[in-house]
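Colleague: how would this look folded up:
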Amino acid sequence: MSGAWRRALCIVAAGAALASVPGIAYAERTIGLTTGRFDFSVAAGQTEAGSLEVINSGREPLTVLIYAANQAVDEHGETAYTVPSRDDPDFLYSPASWIRLDVGAETGAIGNIPYIKLEPGESAPVDFEVGVPDGVPPGDHQIIIFFEMSDRPETQKGTGTSSTTGRIGCRIRVRVQGEIVERMEVRPFWVRGLVMGESVPWSYALRNGGNVDKIVDARLILLDGSGNEVVASQVATETSIYASALSENAGVLDTLSQLVGRYIMRLEVTYPRESQGAADVPELIVEERPVWIVPLWLAITAIVLAGGLLLWLSWRQAVRSAQRRVDRGQIRGKTRGGRHSRSRRRREAAQSVAAEDPSDPDA
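Modeller: Next up is the predicted model:
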C-alpha cells in the first residue's frame with residue numbers, strides 16, 4: 001500500500017473516531033496521522049527510532065498537544081492511559097519515559113506538554129527515539145503518542161489554559177529482547193446452569209499471564225448429549241490481550257430454536273504461540289460447562305401444575321383438619337350422653353325399689 005493511501009486511510013479513521021464522541025461535532029476540525037502503529041524489537045540499553053506526520057485535514061486552524069502515555073489495564077479489563085511523573089520511583093522503567101519526541105515545527109508548551117499549530121491542510125513531521133534502559137525485563141511494552149486537538153492556548157509560554165476537543169494516538173509496541181513467557185488462561189468461564197427459553201447467558205475472562213502480547217479468537221459452541229454441534233457463535237476476532245493483562249467478554253447465545261434437556265457449552269480460544277522463535281504456531285484452549293435448557297412453556301406449565309398441586313394439598317389438609325374436629329366433637333357428645341343415660345337409669349331404678357317397699361325410710 002502506498003504512503004498516500006495509508007495517509008488517506010489514517011485521516012478517514014481519525015475523523016470517524018473523533019466524530020463518534022457524543023455531543024461534539026467535528027465537521028470542520030479533523031486531525032490525521034500517516035501511520036498509527038510501530039513495532040520495535042530492542043535489547044535493553046539500545047535505541048530505536050521512527051517518524052510520522054500529523055495532518056490538519058480540516059477547515060480550521062488547530063492547536064495540537066503532543067505527549068506520550070503508558071497503557072494500563074485494570075482487574076476488570078478496562079484500559080487507562082497515564083502520563084509518567086518524574087516523582088514516580090519507577091519512572092525510568094515506565095515505557096512512556098523511554099521516548100524522546102522531536103517535532104519538526106515551531107512549538108510552544110502548555111505546562112510541560114508541547115504543542116504545535118497547524119493551518120488547514122498543513123502537516124508537521126514528528127520524529128522520536130525509544131531508548132530502553134538497562135535492567136528492563138524482557139517482554140512487550142506499550143507506549144501511546146497522543147495528538148490532542150485543543151482550543152488555542154491563551155499564552156504562548158509557561159502555563160496556559162485550554163480545553164480538549166478530541167485526540168488520536170499512535171501505538172508503539174516495544175519488545176525488549178530476552179526470554180519469552182507465554183501463559184494464557186480462561187478464568188473464569190461462566191454459563192447459567194438452568195435456562196428457561198432460547199437464550200443462554202455466558203461470560204468469560206481471558207488472562208495473559210505471560211510477558212508478550214497475544215491476538216486471540218474465541219468461539220462458543222453448544223453441543224448436545226452426543227457431542228453434535230447445535231449452534232455456534234464467534235465471540236472474539238483478533239482481539240489483543242496485552243502482556244500481564246486481561247480481557248472480559250459477556251453476552252447471550254441464541255439457540256435459534258427451542259431446546260430441552262442437558263447440553264454442553266464449549267469455549268474454544270485460539271492464539272498464535274511463539275515456540276523457539278517460530279511465530280504463528282496455533283494454540284487451543286478449551287473449556288466446557290453443562291447447561292440444562294427448558295422450554296418456557298414447559299416451565300410455565302410445570303409451575304402452574306406445581307402451584308395447583310400445592311393448593312389441592314392445602315385444601316385436603318384443611319378438609320381433614322375440619323373432619324377431625326367434627327369427629328372429636330361427636331365423640332365428646334356421645335360420651336356425655338352415655339353418662340347422663342346411666343345416671344337417669346340409676347335414679348329410675350331407685351325410685352322403683354322405693355315404691356315397692358313402703359317400709360324403706362328413704363322412700
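
Colleague: mind checking the SS state of residue 318?
Modeller: Under DSSP: H, G, I helix; E, B strand; the rest coil, the three-state class of residue 318 is helix.

Colleague: what's the neighbour count on it?
Modeller: 10 (other C-beta atoms under 10 Å). To be clear about C-beta, it is placed using only N, CA and C from the backbone, and glycine gets the same treatment.

Colleague: what's the answer for residue 60, then?
Modeller: Applying other C-beta under 10 Å, we find 14 residues neighbouring residue 60.

Colleague: I'd assumed it was in a strand, is it?
Modeller: No. Counting by three-state DSSP, residue 60 falls outside a strand, being coil.

Colleague: any idea how far it lies from residue 121?
Modeller: Plainly put, residue 60 is 11 Å away from residue 121 if you go by C-beta to C-beta, to the nearest Å.

Colleague: Over to residue 99?
Modeller: Residue 99 is 28 Å from residue 121, by C-beta to C-beta.

Colleague: Tell me which of the two has more neighbours.
Modeller: The residue with more neighbours, out of residue 99 and residue 121, is residue 99; 18 against 10, by other C-beta under 10 Å.

Colleague: what residues are up against the residue lying closest to residue 121 once chain neighbours are set aside?
Modeller: Computed as C-beta to C-beta, 6 or more residues apart in numbering, the closest residue to residue 121 that is not its neighbour in sequence is residue 56, at 6.6 Å. Taking C-beta atoms under 8 Å, 6 or more residues apart in numbering, we find residue 56 in contact with 30-31, 62, 64, 118-123.

Colleague: What separation is there between residue 56 and residue 29?
Modeller: From residue 56 to residue 29 the distance is 8 Å (C-beta to C-beta).

Colleague: which residues are common contacts for these two?
Modeller: Contacts common to residue 56 and residue 29, judged by C-beta under 8 Å, 6+ apart, are residue 62.

Colleague: Mark which of the contacts of residue 56 are buried, thanks.
Modeller: 30-31, 62, 64, 118, 123 (16 or more other C-beta atoms under 10 Å).

Colleague: possible to save those as JSON lines with secondary structure, distance to residue 179 and pLDDT?
Modeller: Converted to JSON lines, those look like this (DSSP: H, G, I helix; E, B strand; the rest coil; distance: C-beta to C-beta, whole Å; pLDDT from 0 to 100):
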{"residue": "30", "secondary structure": "coil", "distance to residue 179": "44", "pLDDT": "89"}
{"residue": "31", "secondary structure": "strand", "distance to residue 179": "40", "pLDDT": "92"}
{"residue": "62", "secondary structure": "strand", "distance to residue 179": "45", "pLDDT": "90"}
{"residue": "64", "secondary structure": "strand", "distance to residue 179": "40", "pLDDT": "93"}
{"residue": "118", "secondary structure": "strand", "distance to residue 179": "44", "pLDDT": "91"}
{"residue": "123", "secondary structure": "strand", "distance to residue 179": "41", "pLDDT": "92"}
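
Colleague: between these, which is closest to residue 132?
Modeller: The closest of the buried ones among the contacts of residue 56 to residue 132 turns out to be residue 64 (C-beta to C-beta; 27.2 Å).
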